[in-house]
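Trainee: coordinates for the following, if possible.
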Amino acid sequence: MTTAAAPSAPAAPSAAAVPSTTAVFVRLKLSLLRNGLRQSAGRKAVWITSVVLVSLYAALQVLGLIVLRGHAHIGALAVCMAALLAFGWAVMPLFFPGGDETMDPTRLVMLPLRPTPMMTGLLAASLVGIGPGFTLAVLTGTVIASAHGAAAFAVGVLAAPLALLVCLALARAVATANVRLLTSRKGRDLALLSGLIIGVGGQLVNLGMQQLNGLGMARLEPVADVLRWIPPGSALDAVRAASEGSYGRAAAGLALTAAALAALLWWWQRSLVKVMTSPDGSTIGAASAKPDKARASGPGLAGLLPAGRTGAAMHRSLRYIWRDPKTKASWVSGLAVGALVPIVNAAQGAESVWFSMFAPTMLGLQMYNQFGQDGPAFWMVMQTLGSARDAYVELRARALAFSLIAVPYVALVVTGTAAFTGKWGDWAEVLGLSLALLGALFATGAMASVLAPYSIPQDSGFKNVAPGQGALAWFGMLGALVGTVLCAPPAALAIWLHMAGAHSLLWIVLPLGAGYGLLTAWLGLRLAAPRVVDRLPEILAAVSKG
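Mentor: Okay, the predicted model is just below:
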């Protein structure tokens, strides 16, 4: 009698059949990139254009570095460029949180992954993209420019990838440590302010390049003496050291960069474990204690505002400036440009206090399109405007809220510019005319807000005007020209005192200009108030579009 053989157990899958976590993450990054390009032809065109432009710029950078090969200070330039690249990678996640979906580890929180394989896969995925390619090209160019001899090139083969890994690990560690911030409203605020940061940084780089053109790259040596001991600059300095035969220093530079990479990976792992295992604000009940804490702390600075409608409207305007991303971006841009213009011109040799008048110009423009900042919520304000008196109090409160920031800031910029340039003789008249201009812009801004209101889209990136309302925005901004014309009387007084040689009396422009600005603002608000009541339906319809 024969017995049937027991069915054999299925063979265990071989290790080769299990996909590598690193390969999965790389394919995920490629799939995200491919699917993103499939969304629209415009996005594909922008990406292709970016690739072409970045490739050309990288090629020019490498060519320029090769031309500088043999220069006495090329080592200092290489170290500074490595530090600049690392700084860019460190701040990139803060200002462009949505640029790479794999930067957010909370998207992977439900997957059964250990921290180490996840880190390896994410770091490998970081190598895919335009930024890593550009960084590697520049680092390769610095190695070619500063390496002399086989030993130096051998060190460079290790230094360039090691510096690239430090940059990528730094970006990942910063993004993971700040993932709660980047996915919150404050993170969106940072994204909106990124253009301003880039603009200011561009001006600073421009000033630095002008200094280098005048004094040569020898100016970089004191900075490079410090940066050559800070990774990834230490890796690039190892190439220079090997070229000079200092192999011990070259080994120390590579070891320092490798130690920094290990420290970044350790920091990244700790942050990753914390993010993947700790609850967020939506799953804990501690939020219920916040209102009690807020009530216990009192009204704070809001308690210093006037009572009644004036204080409430001022509080609302200040909250817009602090909490609304686009309003905040507009104010920060005005504050930065108002201070940056006189500083840049003074650094370039145009030492004049008059450049500080950009500050009242930029802040006075914030008074324009007041009701557009409310958007569709303007209907709630509209319900409380029953008379011209109510409209006047509303506009006056908004102007007072802006004055709390604008007047001290204008005084600070004018005073700082006078101190920086040493031309205190122009301080009084410039400050007086600045306050007169600020008041005139507040007056014309109130009128423009009534006659040419427009909607500000909240979900359209950097677009600040709803489609079809661009002409209204430009018409409203023409009020700035009217505001400058309104400053003719105090300006004529200052010119007459100069022509008469009465320089000792120029100080009277300060009180007269401040009083004139206050009077002009008051008249503008008085003239705009009754027109607000007459045009309430038109204003609501205009600010509710988009």
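Trainee: just give me how far stretch 26-43 sits from the chain centre.
Mentor: Per C-alpha atoms, centre = their mean, to the nearest Å, the displacement of stretch 26-43 from the mean C-alpha position of its chain is 26 Å.
Trainee: list the buried residues for that stretch?
Mentor: Across stretch 26-43, burial judged by 16 or more other C-beta atoms under 10 Å covers 26, 28-29. Yep, even glycine has a C-beta here, placed from its N, CA and C like the rest.
Trainee: before we move on, what about stretch 157-166?
Mentor: Neighbour-count burial for stretch 157-166 flags 158-160, 162-166 (criterion: 16+ other C-beta under 10 Å).
Trainee: distance to Tyr320 and secondary structure added to these, as CSV?
Mentor: Listed next are these as CSV, based on distance: C-beta to C-beta, whole Å; DSSP: H, G, I helix; E, B strand; the rest coil:
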residue, distance to Tyr320, secondary structure
Leu158, 53, helix
Ala159, 50, helix
Ala160, 48, helix
Leu162, 48, helix
Ala163, 44, helix
Leu164, 43, helix
Leu165, 44, helix
Val166, 41, helix
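Trainee: poorly predicted segments of the stretch 151-300 of the chain, please.
Mentor: For the stretch 151-300 of the chain, the stretches with pLDDT under 70 are 180-216, 278-300.
Trainee: can you pull out the strands in it?
Mentor: Under the criterion DSSP state E, counting those that start in this stretch, the stretch 151-300 of the chain carries no strands.
Trainee: as JSON lines, the buried residues of stretch 26-43 with secondary structure and pLDDT would be great.
Mentor: Formatted as JSON lines, those follow (DSSP: H, G, I helix; E, B strand; the rest coil; pLDDT from 0 to 100):
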{"residue": "Val26", "secondary structure": "helix", "pLDDT": "86"}
{"residue": "Leu28", "secondary structure": "helix", "pLDDT": "83"}
{"residue": "Lys29", "secondary structure": "helix", "pLDDT": "84"}
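Trainee: Ala428: which of the residues you listed is nearest?
Mentor: Within the buried residues of stretch 26-43, proximity to Ala428 (C-beta to C-beta) peaks at Lys29, which comes in at 60.6 Å.
Trainee: and that closest one, how far from Pro117?
Mentor: Going from Lys29 to Pro117 by C-beta to C-beta, to the nearest Å gives 16 Å.
Trainee: and what of Val381?
Mentor: Counting by C-beta to C-beta, the gap from Val381 to Pro117 is 55 Å.
Trainee: looking at the two, which is more packed in?
Mentor: Set Val381 next to Pro117 and count neighbours by other C-beta atoms under 10 Å: Val381 wins out with 19 against 14.
Trainee: now do the more buried one, the pLDDT please.
Mentor: Reading off the confidence values, Val381 has pLDDT 86.
Trainee: show me what the helix or strand hosting it is packed up against.
Mentor: Assigned by DSSP states H and E, Val381 belongs to helix 378-382. When contacts are defined as 3 or more C-beta pairs under 8 Å, 6 or more residues apart in numbering; DSSP states H and E, helix 378-382 packs onto helix 370-374, helix 536-543.
Trainee: swap in 10 Å and give it another go.
Mentor: With contacts taken as 3 or more C-beta pairs under 10 Å, 6 or more residues apart in numbering; DSSP states H and E, helix 378-382 sits against helix 370-374, helix 388-421, helix 509-534, helix 536-543.
Trainee: so for Leu127, which of the ones you listed sits nearest?
Mentor: Using C-beta to C-beta, the helices and strands packed on helix 378-382 put helix 370-374 closest to Leu127, at 43.4 Å.
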